[in-house]
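Asks: whatever this is, show me its structure:
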Amino acid sequence: MGVKGTVEVYSAAPDKSYQLANLVGIGILTEGYDGKTAWSVNPMQGNRVKSGQELLQAKISSNFYREINIEKLYSKIEVRGVEKVGDKDAYVLVATADGIPPDTFYFDKASGLLLRTDSTAIAPEGSSPLKSFYEDYRDVDGIKVPFKLRTVLPQYELIVTFTELKNNVPIDDAKFTKPL
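Replies: This next block holds a predicted model:
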């Protein structure tokens, strides 16, 4: 669609998240999870609290340790085998949590790094399949982190390229709280 903008993402253990996207021609979109309440503010839907399946999904996706604690967050895990993601072989895990569609994780067979996830985005206007690709891994304080996130939906592709990642930075809890 040719839309450009900036994105800020904050995460805190064990389960807090905040994202702000400032998109040219659309405006500012924010969403967060404070460990109990998931919320969203954007020009299309206004200020709202997430509930039902959308809340369950936010709870799991906001877990700081999601990729290394799959067995604690999902009630059923199935190893589906090995598939190619680009030119890499990846172990495929299908993880199901009660009340929401399953997530599929693709972990690089050689490095163990997450290469892709397939999931279902749950929103008030309906559900939509999405594929997220984690690319351009770099070392940040001894931890491999993807600097590029490419998300493919039926309607569009979203590419986020991070310019800076910081670990162990103090974040005020107010950042995760639903705005009034």
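Asks: what are the pairing partners of the strand or helix carrying Val41, and which direction each?
Replies: Using DSSP states H and E, Val41 sits within strand 38-42. Under the criterion DSSP bridges, strand 38-42 sits next to strand 27-33 (antiparallel), strand 46-49 (antiparallel) in its sheet.
Asks: buried sites along the first one?
Replies: Using 16 or more other Cβ atoms under 10 Å as the test for burial, strand 27-33 gives 29-33. Using the backbone N, CA and C atoms, a C-beta is placed for each residue, glycine as well.
Asks: name the nearest of those relative to Gly52.
Replies: Closest approach to Gly52 among those (Cβ to Cβ): Tyr33, at 14.5 Å.
Asks: identify the residue nearest that closest one in space, chain neighbours excluded?
Replies: Ser62 (4.0 Å; Cβ to Cβ, 6 or more residues apart in numbering).
Asks: and the longest helix along the chain with strand 27-33, angle?
Replies: Identified as the longest helix of the chain according to DSSP state H is helix 52-61. Put simply, helix 52-61 runs at 80 degrees to strand 27-33, going by axes from the mean of the first three to the mean of the last three Cα atoms, to 10 degrees.
Asks: got the phi/psi numbers for Leu73?
Replies: Phi and psi for Leu73, reported as degrees, to the nearest 10, are phi -100, psi -20.
Asks: tell me how many other residues crowd it.
Replies: Number of residues near Leu73 (other Cβ atoms under 10 Å) recorded here: 18.
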